[in-house]
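# based on what follows, work out the 3D shape:
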Amino acid sequence: MGSSIEVNDPSTTNNSNNEKIQLSYNMKLALATGGIMGSFLLYGILQERLMVVPYKNAEGVEEYFTDSTFLVLSNRVFAALMAIVIVLKRGESLKNVAPLHKYVGVALSNFCATWCQYEALKYVNFPTQTLGKCGKMLPVMLVGTFISGKKYGLKDYSIALSITTGCMIFFLTGKISNNESSNTSYGIILMALYMFFDSFTSTFQEKMFKGYTMSTYDQMIYVNGCSSIISVFILILNGRLFPAIEFISTHNGVFFDSTMLSASAGLGQMVIYYTIKEFGALVFSTIMVTRQMVSIILSTLIYLHPLSNTQWIGALLVFGTLYYKSIEDSKKKHGHSHGGSNAATTPTNNNNNNEK
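Numbering: from 1, shown residues only. The predicted structure is shown next:
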């Protein structure tokens, strides 16, 4: 009876603890995925509504809302105020953790990425804009390599190149312009700039989380606050601040749609910061791509975008590759005794000491 008590008891305890750690990791990842999916599916629908569908004024005349910078301002102010309320309610300090110039760098790249995303919808349709975002995995890896000194394996680059190939098939084998413009080249350039700036945003955020002991809300307050200042400055410089406000006040539905867009973006940002902090920029990119697949399907159903059979093949190549990647990541996690965020970001872990 004594022998049955002492057989491998420490090992059993360790295995039990490891299972709990793994379950905790999976639960956190599932919650992060669900939060991003819900908030940004709504965000995508409203984004397309605002940028490509006309609004009627009091006389019944239909006009398009064209001020992308104002939408960025609305989103950032809402997100910053949301974070301030949460911090005050939690009784935490509003003082910035990192030097202000650190936030300004993230805010500038974040503003540029979001502006390019909105502007691109004037020239390419939403499925094209959305699928183009999938290609940002390769820029994230390249930026991580040159900025953070990270190292990725041949398999990681093969996956990224496969995704890029699928995107190119989609772009080259069917209609990608929206109904109002044939200048698709400019739209593609804007999407390339979006991926460039967004890669810097994700990488810089990850570096800040690892370089400073800060909360999600600290970044939300100061990054969004700095981005708001940048947006106001540009609107004033271009003379578009008051015309944008006038358009919103004189056209039915714009205020509601822009407010809901800001709310979904603010909630999404909270989940984004949490995901980057817990799982890293590459895992965050993978979750966002899943959301983008569903967004494409919803957009084709709601706004009736015609896609060719070859375009669907390109999209399936992209998402099939990402599905394969998720299986490989799962195998890597199960291959380590302690799951945690290290297992999820195996390709990005080779140079953890260089993160600061």
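
# tell me how far the most centrally placed residue in the chain lies from F146.
Residue closest to the average C-alpha location in the chain (Cα atoms, centre = their mean): M288, at 5.7 Å. Applying Cβ to Cβ, to the nearest Å, the value for M288 to F146 is 22 Å. No exception for glycine: its C-beta is placed from N, CA and C like everyone else's.

# helices of the stretch 251-356 of the chain, start to end?
254-279, 281-302, 309-334, 340-344 (DSSP state H, counting those that start in this stretch).

# ok, now the chain?
2-6, 9-52, 68-89, 100-120, 126-134, 137-148, 154-172, 184-211, 216-238, 241-250, 254-279, 281-302, 309-334, 340-344 (DSSP state H).

# which outside residues touch the fifth one?
The set of residues that contact helix 126-134 without belonging to it, under Cβ atoms under 8 Å, 6 or more residues apart in numbering, is 44, 47-48, 52, 117, 120-121, 124, 163, 166-167, 170-171, 176, 178, 187-188, 191, 194-195, 198, 288-289, 292, 295-296, 299-300, 303, 305, 307, 311, 314-315, 318-319, 322.

# now stretch 234-244: buried residues?
234-235, 240-241, 244 (16 or more other Cβ atoms under 10 Å).

# try stretch 83-99
For stretch 83-99, a neighbour-count test (16+ other Cβ under 10 Å) marks 83-84, 86-87, 96-98 as buried.

# start to end distance for that stretch?
19 Å (Cα to Cα, to the nearest Å).

# and it, average pLDDT?
Here stretch 83-99 scores 90 as its mean pLDDT.

# what's in contact with that stretch?
103, 208, 211-218, 220-222, 224, 270.

# kindly report the same for stretch 191-199.
109-110, 112-113, 116-117, 120, 124, 128-129, 132-133, 135-136, 139-140, 142-143.

# if you set the cut-off to 6 Å instead, what comes out?
With contact meaning Cβ atoms under 6 Å, 6 or more residues apart in numbering, stretch 191-199 is reached by 109, 112-113, 116-117, 120, 132, 136, 139-140, 143.

# thinking again about what came up before, could I get the buried residues of stretch 234-244 as CSV with pLDDT and distance to I327?
Below are the buried residues of stretch 234-244 laid out as CSV (pLDDT from 0 to 100; distance: Cβ to Cβ, whole Å):
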residue, pLDDT, distance to I327
I234, 96, 44
L235, 95, 46
R240, 92, 47
L241, 93, 49
A244, 94, 46
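
# with respect to G153, which of the residues you listed is nearest?
The closest of the buried residues of stretch 234-244 to G153 turns out to be I234 (Cβ to Cβ; 40.8 Å).

# which non-adjacent residue is nearest the closest one?
T69 (5.3 Å; Cβ to Cβ, 6 or more residues apart in numbering).

# same question for M260.
Nearest one to M260, counting by Cβ to Cβ, 6+ apart, is L46 at 5.7 Å.

# so who does that neighbour touch?
Contacts for L46 (Cβ under 6 Å, 6+ apart) come out as 257, 260-261.

# now that we have those residues, which one has the most neighbours?
L261 (22 neighbours; other Cβ atoms under 10 Å).

# and the closest residue to that one other than its chain neighbours, how far from T286?
With sequence-adjacent residues excluded and distances taken as Cβ to Cβ, 6+ apart, L261 is closest to L46, at 4.3 Å. Here L46 is placed at a distance of 24 Å from T286 (Cβ to Cβ).

# just V85 next, same as before
Where T286 is concerned, V85 sits at a distance of 31 Å (Cβ to Cβ).
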